[in-house]
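Q: predicted model and sequence follow; I will ask about them next.
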Amino acid sequence: MHLKVRKRKGEVVRKRLLDLGVLDKSRRILKDEDFLFIPVLEEIDIPDAEIVWMNGKGIKRKPFSLRESLKGKLTENELKIAPKSFDILGDIAVLEIPEELKDKKGIIGNSLLKTFKNIKVVAAKKTAVGTEFRTREVEIIAGEQRTETVHREYNCLYKLDVSSTYFSPRLGTERMRIAKQVRDNERVLVMFAGVGPYAILISKKSNARVYAIELNPKAFEYMKENIRMNKVDVVAINGDVRDKVPKLGKFNRIVMPLPKDAGDFLDVALPALEKNGVVHFYDFSHNVDESIEKLRGICGDLGYKIQILDAVKCGSYSPGIFRICVDFRVI
């Protein structure tokens, strides 16, 4: 079913049909020398136009999601357990494939490449993040055979390797939340700095003196390159925070982005804090109250009383478990 209308009135009629909700968006508008034939969902009376019946042409719509792109390629039961989401780091997509779909990983990877043109590599997680360097094994299942990329975030560039360094694109908003709090001339310490996203963004947004410590030698090399690429002044240090922090003096602000083990390093961070200094402490827990209680307990055992400034959820870790950041100062 199409609405036949003269070309000069075509756009006005199209907008009218769209407003009325009767424009058939799944088919193309056809034309001849004098008329447009606009596909409609139902008969409608429009002045100077008439309903005609003719063969239409469908519009091939690009899938909006990975699951949608897999329809027809996986069974209904397989679709139910197929990945819903994935991380994009630069032009590399990293996703987790259920064990039941391991033999379909090539189909899944190639569907991602065809659906999202900005993705050039698809990597599947083989292990959880579990080493002292916070890395995981990945397997390239589609696209170019590489694990290195450059990720852009808030006008900063981060070169990294998804198999030998840790980087979470989901923390971009959280990194900016911290960076906006930093005042000029602060001395800021970023522990467990990775390839440098917290330190570099803080340095970009302020005139602070930023120190960044990272244990993983490969992440440290990427951090140094990222500091040069972004033209910021960050002191990059390779080593264990327990050895390095006591030699660096006092800081106005300390960032501890290691949710799994940050509590084990408060005995290093708190003695390095200036009076009225602020700590951004990350934790995995069920809710912010649980993280605050845990933090108060550790600080109390170390002989410190603290004032909670803020506590926010900044992403989920697993079902029912969240990444929490608690901002606090010692009183």
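A: Received, thanks.

Q: surely L270 is in a strand?
A: No. Read with DSSP: H, G, I helix; E, B strand; the rest coil, L270 is helix and lies in no strand.

Q: and the closest residue to it other than its chain neighbours, how close does it get to M191?
A: Nearest residue to L270, sequence neighbours excluded (C-beta to C-beta, 6 or more residues apart in numbering): Y304, at 5.6 Å. To be clear about C-beta, it is placed using only N, CA and C from the backbone, and glycine gets the same treatment. In this view, Y304 and M191 are 17 Å apart by C-beta to C-beta, to the nearest Å.

Q: and the two? Which one has more around it.
A: M191 (24 against 17; other C-beta atoms under 10 Å).

Q: all strands for the stretch 51-200 of the chain, in order.
A: Taking DSSP state E, counting those that start in this stretch to define them, one finds strands in the stretch 51-200 of the chain at 87-89, 92-95, 121-125, 138-143, 148-153, 156-161, 187-190.

Q: elements contacting the shortest one?
A: In this structure, strand 87-89 makes packing contacts with strand 92-95, judged by 3 or more C-beta pairs under 8 Å, 6 or more residues apart in numbering; DSSP states H and E.

Q: got a list of contacts for the strand it packs on?
A: 66, 83, 85-88, 108, 112, 116, 119-125, 138, 147, 149, 162 (C-beta atoms under 8 Å, 6 or more residues apart in numbering).

Q: sheet partners, orientation included, of that strand?
A: strand 87-89 (antiparallel), strand 121-125 (parallel) (DSSP bridges).

Q: list phi and psi for the residue nearest to L270.
A: Torsion angles at Y304 (phi, psi; degrees, to the nearest 10) stand at phi -120, psi 140.

Q: break this structure into its domains for me.
A: Domain assignment for the chain, taken from automatic domain parsing, gives 2-52, 66-146, 166-330.

Q: what's around T115, how many residues?
A: T115: 16 neighbours (other C-beta under 10 Å).

Q: so where's the stretch 1-150 of the chain shaky on pLDDT?
A: Filtered on pLDDT under 70, the stretch 1-150 of the chain yields the residue ranges 60-64, 128-134.

Q: quick one: the helices in it?
A: According to DSSP state H, counting those that start in this stretch, the stretch 1-150 of the chain carries its helices in the segments 10-20, 66-69, 76-81, 105-115.

Q: circling back to that earlier point, closest one to Y166 among the strands paired with strand 92-95?
A: strand 87-89 (10.7 Å; C-beta to C-beta).

Q: so how far is that closest one from its chain's centroid?
A: The chain centre lies 6 Å from the centre of strand 87-89; the measure is C-alpha atoms, centre = their mean, to the nearest Å.

Q: for stretch 136-152, same thing?
A: 16 Å.

Q: for stretch 302-315, buried residues please.
A: For stretch 302-315, burial by neighbour count (16 or more other C-beta atoms under 10 Å) applies to Y304, I306, A311, C314.

Q: now swap in stretch 265-283 and tell me
A: Within stretch 265-283, the residues that count as buried by 16+ other C-beta under 10 Å are 265-266, 268-270, 272-274, 277-283.

Q: quick one on the thing from earlier: most tightly surrounded among the strands of the stretch 51-200 of the chain?
A: Of all the strands of the stretch 51-200 of the chain, strand 187-190 has the most neighbours on average by mean count of other C-beta atoms under 10 Å, namely a mean of 26.

Q: and that one, what's its mean pLDDT?
A: For strand 187-190, mean pLDDT rounds to 98.

Q: contacts for that strand?
A: Applying C-beta under 8 Å, 6+ apart, the contact partners of strand 187-190 are 182, 198-199, 202, 208-213, 245, 248-255, 257, 269, 272, 274.

Q: over to stretch 48-58?
A: 1-6, 9, 13, 24, 26-28, 30, 37, 39-40, 43-44.
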